[in-house]
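predicted model and sequence below, questions to follow.
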Amino acid sequence: MARRSYDQYCGLARALDVLGERWTLLIVRNLLLGPQRYSELLRGLPGITTNLLAKRLQEMESEALIERGGSGDGAAYQLTTSGRALEPAIHALGRWGWQRIGKPTSRDRRSVEWLLVSLRRRYRGGTTLAAELEADGQPYHLVLRGDAAEIGRGRVPGADMRLRGKGIDIARLFLEGLPKDGEAAGIELEGTAKQLRTLVGAFTRGDTGTAPA
């Protein structure tokens, strides 16, 4: 059955024809950090069913938002140029949503990856630093060069500093900042305390100045 359309000659209506189905924008969000295999997408989208994920991926491929690279077990989905062009819209919606979100409930799931996506819009600029994070055994890179911030999955050769720890502890650094004593509890640091302060200080901690990320 064909998807429903607003049948309106309007850019917003056309965008919603493509993006308005449940889970579509969250798939884009997850792929902003880099390609993922089907099983990784399924694991990173708690609450979605495998049949619905397959349907959404098929729809997104047909709209040229995503494409598959590799083959066999190594096949992964990645954003196309058109899909990556949605990043500013993702950030704008995220910023708007955080102004309305309130405190988390016991039902709310969390992920350090969702935080890392938000850091892409929270970068202040003006920092030069290559950092590698290992959160719950998964490596991520934050390469800051002036006004550009490259944040995604995977390691970075020649990192200036490295952090290892639980995702919740690493997330807390960016949500709450460093404690007064400068010690990051539960986190292993390879680098200097100054580099850690520079990394944490390179990002705002809330879209309104006080809201959590």
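Perfect, I can see it now.

which helix or strand in this protein has the lowest average pLDDT?
Using mean pLDDT, DSSP states H and E, helix 167-176 stands out as the lowest-scoring helix or strand of the chain, at a mean of 92.

summarise which helices and strands that one is packed against.
When contacts are defined as 3 or more C-beta pairs under 8 Å, 6 or more residues apart in numbering; DSSP states H and E, helix 167-176 sits against helix 112-122, strand 127-135. In short, each C-beta sits where N, CA and C put it, glycine included.

can I get the ones you listed in JSON lines including mean pLDDT, distance to His141 and mean neighbour count?
Converted to JSON lines, these look like this (pLDDT from 0 to 100; distance: least, C-beta to C-beta, whole Å; neighbours: other C-beta atoms under 10 Å):
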{"stretch": "helix 112-122", "mean pLDDT": "95", "distance to His141": "10", "mean neighbour count": "20"}
{"stretch": "strand 127-135", "mean pLDDT": "98", "distance to His141": "6", "mean neighbour count": "19"}
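
out of these, which gets nearest to Leu42?
Among the helices and strands packed on helix 167-176, helix 112-122 comes nearest to Leu42, with 14.0 Å by C-beta to C-beta.

Ala171 versus the one residue sitting closest to the centre of the chain, what's the distance?
Compute the mean C-alpha point of the chain, and by C-alpha atoms, centre = their mean the closest residue is Val117, 2.4 Å away. Distance, Val117 to Ala171, by C-beta to C-beta, to the nearest Å: 12 Å.

Gly152 too?
In this view, Gly152 and Ala171 are 16 Å apart by C-beta to C-beta.

neighbour count winner among those two?
Between Gly152 and Ala171, counted using other C-beta atoms under 10 Å, the more crowded position is Ala171 (21 against 17).

you'd agree the more buried one is up against Glu113?
No. Assessed by C-beta atoms under 8 Å, Ala171 is found out of contact with Glu113, at 9.8 Å.

follow-up on the earlier one: what residues does the following helix or strand past the least confident helix or strand of the chain touch?
Sequence order places strand 188-190 as the next helix or strand after helix 167-176, per DSSP states H and E. Outside strand 188-190, the residues that touch it by C-beta atoms under 8 Å, 6 or more residues apart in numbering are 161-165, 196.

same check, this time on stretch 52-68
Contacts of stretch 52-68 (C-beta under 8 Å, 6+ apart): 3, 18, 21, 23-24, 27-28, 31, 38, 41-42, 45, 48, 75-80, 82-83, 86.

good, wrapping up.
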